[in-house]
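Participant: Quick one, structure for this:
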Amino acid sequence: MTRFFVLAMAALLFLSSSSVSRADFAPILGDTNGDGVVDIDDLNNVRNSFGSTGLGDTDGSGTVDIDDLNNVRNNFGNRSVPEPSTMLLALLSAGAIGFVRRRIR
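Facilitator: Predicted coordinates:
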């Protein structure tokens, strides 16, 4: 019973810490929709809102202008990566599960 409880807690810890949300990603300039990559969707957001306010404002100026278009163009194809603290927590969780499994055997 104790082994099952330890394994269940270790699995729960691993699953809860290895799930990565959008909040764990460093923001990338030009990512207008917050999906972690600057792609054609972001370019369309700037194009559709150009000259007004809206989803394409990448620099926080209040209007979608040539600076926003340049931010998308300069970062097109770039992806954001998880923050180092999230990756460290996931690695520590995986190591803890390995340690617990080894001790049980």
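
Participant: Relative to residue 100, how far out is residue 94?
Facilitator: Residue 94 sits 11 Å away from residue 100, taking CB to CB, to the nearest Å as the criterion. C-betas here are computed from N, CA, C, even on glycine.

Participant: got the residue ranges for the helices in the chain?
Facilitator: Under the criterion DSSP state H, the chain carries helices at the ranges 2-18, 40-49, 66-74, 84-104.

Participant: count of residues packed around residue 37?
Facilitator: Neighbourhood size, residue 37 [other CB atoms under 10 Å]: 17.

Participant: quick one, domains of this structure?
Facilitator: Following automatic domain parsing, one finds the domains of the chain at 1-24+82-105, 27-80.

Participant: The ones you listed: lowest mean pLDDT?
Facilitator: Per-stretch mean pLDDT for these is lowest at domain 1-24+82-105 (a mean of 62).

Participant: any idea how far residue 34 lies from residue 42?
Facilitator: The spacing between residue 34 and residue 42, counted by CB to CB, is 10 Å.

Participant: Overlap of the contact sets of these two?
Facilitator: Listed as contacting both residue 34 and residue 42 by CB atoms under 8 Å, 6 or more residues apart in numbering is no residue at all.

Participant: between the two, which one's more packed in?
Facilitator: More neighbours surround residue 42 than the other of residue 34 and residue 42, with 25 against 13 (other CB under 10 Å).

Participant: Identify the residues contacting the more buried one.
Facilitator: 30-33, 56, 72.
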